[in-house]
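K.L.:
Provided below for reference: sequence and predicted model.
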Amino acid sequence: MPSRLPPDPAELVAELRVWAAELGFQQLGIADTGLRTDAAHLERWLAEGMHGEMDYMARNTGMRAHPERLVEGTLRVISVRMDYGEADPDKGWATLHDGQRAYVARYALGRDYHKLIRNRLQKLATRLSERIGPFGYRAFTDSAPVLERALARNGGLGWIGKHTCLINRHAGSWFFLGELFTDLPLPTDTETGAHCGTCTRCIEVCPTQAIIAPYRVDARRCISYLTIELRGAIPEELRAPMGNRIFGCDDCQLICPWNKFAQRHDEPDFRARNDLDHATLAELFAWEEDEFLRRTEGSAIRRTGHIGWLRNIAVALGNAPTTPEVLAALQSRESHPSELVREHVAWALARHSVE
């Protein structure tokens with residue numbers, strides 16, 4: 001049996017929005033569990049192999065399509081939005097245009113968002129249980145087979161853009177999402193509708209042409225996939241287009257008109273650490289594994305591992321201007337124990353015509 005609601009559910013939802021704001025969320029929306037169209041889109045994407053080596057995407061597709069299978073008894077999904085980053089896209093472009101500096105996706109500059117958002121979702125659930133008594137729920141933050149953008153869209157938090165990111169007309173796309181699956185029959189919110197119009201800037205700007213059509217991303221070409229998910233060698237034809245992007249990519253968001261004037265919330269935990277918004281490639285390439293692990297503690301960057309970190313930076317150094325610092329950095333890793341690192345260093349040195 002689902003949990004019971006107080007006499008005025010709309011009043012409870014209003015309270016939920018207030019509590020969410022107090023916890024640092026910028027928006028809260030509620031949706032039912034219907035995802036038929038999105039599930040069909042996912043199935044086609046998987047059938048075409050566009051998920052690459054992300055085998056986890058092909059597992060538990062039934063749970064992705066049916067939230068009530070993931071958490072039995074789920075009737076509603078409460079989605080929350082938490083903004084991150086600075087409201088200045090010019091700083092991102094400046095880093096991308098400076099070939100000696102490293103570009104790290106804005107979401108990964110600070111603390112890993114997973115624990116932070118999940119902890120705050122738990123506090124939201126605790127507050128709700130204090131108000132109405134025990135109820136069934138489970139919190140997620142990109143941590144289970146959940147079609148979070150589709151659920152957030154259905155809950156009125158925005159629309160899915162042609163680059164497949166969720167866009168909010170007041171916050172752009174620079175935000176994280178989290179969910180509470182619940183057995184409460186709460187009133188649902190209304191979708192906002194799509195507002196990309198005829199704009200195709202995100203498709204045109206993609207360095208590796210990973211957005212092969214509106215709303216279709218071939219992950220195998222996406223720099224975020226190449227620098228984070230892929231464990232082996234980066235395809236040679238995609239290395240030069242990667243430029244100085246060493247962890248993730250933001251070009252499709254930086255170019256989006258909806259981000260240009262967005263006023264984003266400054267969450268202290270998401271501020272840049274380790275000077276990552278200014279560091280040079282050579283400086284980061286010098287990190288040995290113990291330093292890498294120390295500096296990336298509590299960071300999303302830890303996911304790529306030290307070998308992946310060196311692989312990515314080697315490619316970026318191959319794309320950097322030829323300077324004594326760049327050459328010295330590459331030559332310092334020519335005999336690295338990892339064959340993967342050595343192969344990418346050799347490619348980079350060849351780009352500088354150094355045998």
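P.N.:
Received the coordinates, thanks.
K.L.:
Quick check: R273 touching V104?
P.N.:
No. Judged on C-beta atoms under 8 Å, R273 makes no contact with V104 at a distance of 10.2 Å. To be clear about C-beta, it is placed using only N, CA and C from the backbone, and glycine gets the same treatment.
K.L.:
Tell me which of those two has more neighbours.
P.N.:
V104 (27 against 18; other C-beta atoms under 10 Å).
K.L.:
Any idea what the more buried one is bridged to?
P.N.:
F247 (DSSP bridges).
K.L.:
residues contacting it?
P.N.:
Residues counted as contacts of V104 (C-beta atoms under 8 Å, 6 or more residues apart in numbering) are I246, F247, G248, L276, D277, I301.
K.L.:
so who does the residue most central in space within the chain touch?
P.N.:
By C-alpha atoms, centre = their mean, the mean C-alpha position of the chain lies nearest to Y107, the distance being 6.7 Å. If a contact means C-beta under 8 Å, 6+ apart, then Y107 has Y84, G85, Y113, W174, F176, G248, F270, A300 as its contacts.
K.L.:
State the distance from it to A171.
P.N.:
Applying C-beta to C-beta, to the nearest Å, the value for Y107 to A171 is 14 Å.
K.L.:
Could you name every residue contacting both of these two?
P.N.:
Contact criterion C-beta under 8 Å, 6+ apart; residues shared by Y107 and A171: none found.
K.L.:
among the contacts of Y107, which are in helices?
P.N.:
Secondary structure from DSSP state H places Y113 of the contacts of Y107 in helices.
K.L.:
And the contacts of Y107, which is closest to G49?
P.N.:
Of all those, G49 sits closest to G248, with 22.0 Å by C-beta to C-beta.
K.L.:
tell me the phi and psi of the closest residue to that closest one other than its chain neighbours?
P.N.:
Once flanking residues are discounted, G248 sits nearest to A105: 2.7 Å by C-beta to C-beta, 6 or more residues apart in numbering. Main-chain torsions, A105, degrees, to the nearest 10: phi -50, psi 140.
K.L.:
Next, count neighbours for A105.
P.N.:
21.
K.L.:
OK, contacts around it?
P.N.:
S224, R245, F247, G248, C249, D250.
K.L.:
swap in D277?
P.N.:
Residues counted as contacts of D277 (C-beta under 8 Å, 6+ apart) are K91, T95, V104, L109.
K.L.:
just to revisit the earlier point, among the contacts of A105, which two are most distant?
P.N.:
Maximum distance among the contacts of A105 (C-beta to C-beta): 10.6 Å, for F247 and D250.
K.L.:
Show the pLDDT at M242.
P.N.:
On pLDDT, M242 comes in at 98.
K.L.:
quick one on the thing from earlier: tell me which of the contacts of A105 is nearest to T322?
P.N.:
Once C-beta to C-beta is applied, the member of these that ends up nearest T322 is R245, at 19.2 Å.
K.L.:
Let me know whether that closest one touches I223 as I believe.
P.N.:
Yes. The pair R245 / I223 is scored as a contact, 5.2 Å apart, by C-beta under 8 Å.
K.L.:
Mutual contacts of those two, please.
P.N.:
P207.
K.L.:
any idea which of the contacts of V104 is least confident?
P.N.:
D277 (89).
K.L.:
so that residue sits in a helix?
P.N.:
No. Per DSSP: H, G, I helix; E, B strand; the rest coil, D277 lies outside any helix segment and is coil.
K.L.:
Helices of the stretch 201-350 of the chain, start to end?
P.N.:
201-205, 223-224, 236-239, 251-254, 257-260, 281-285, 289-295, 305-319, 324-331, 339-351 (DSSP state H, counting those that start in this stretch).
K.L.:
What's the mean pLDDT across stretch 215-226?
P.N.:
Here the average pLDDT along stretch 215-226 is 98.
K.L.:
what's the answer for stretch 94-111, then?
P.N.:
On average, stretch 94-111 scores 95.
K.L.:
Next, report how far it is displaced from the centre of its chain.
P.N.:
Remark: stretch 94-111 is offset 15 Å from the chain centroid, using C-alpha atoms, centre = their mean, to the nearest Å.
K.L.:
buried ones in it?
P.N.:
By neighbour count on 16 or more other C-beta atoms under 10 Å, the buried set for stretch 94-111 is 95-96, 98-111.
K.L.:
Tell me which two of those sit farthest apart.
P.N.:
G99 and R111 (28.1 Å).
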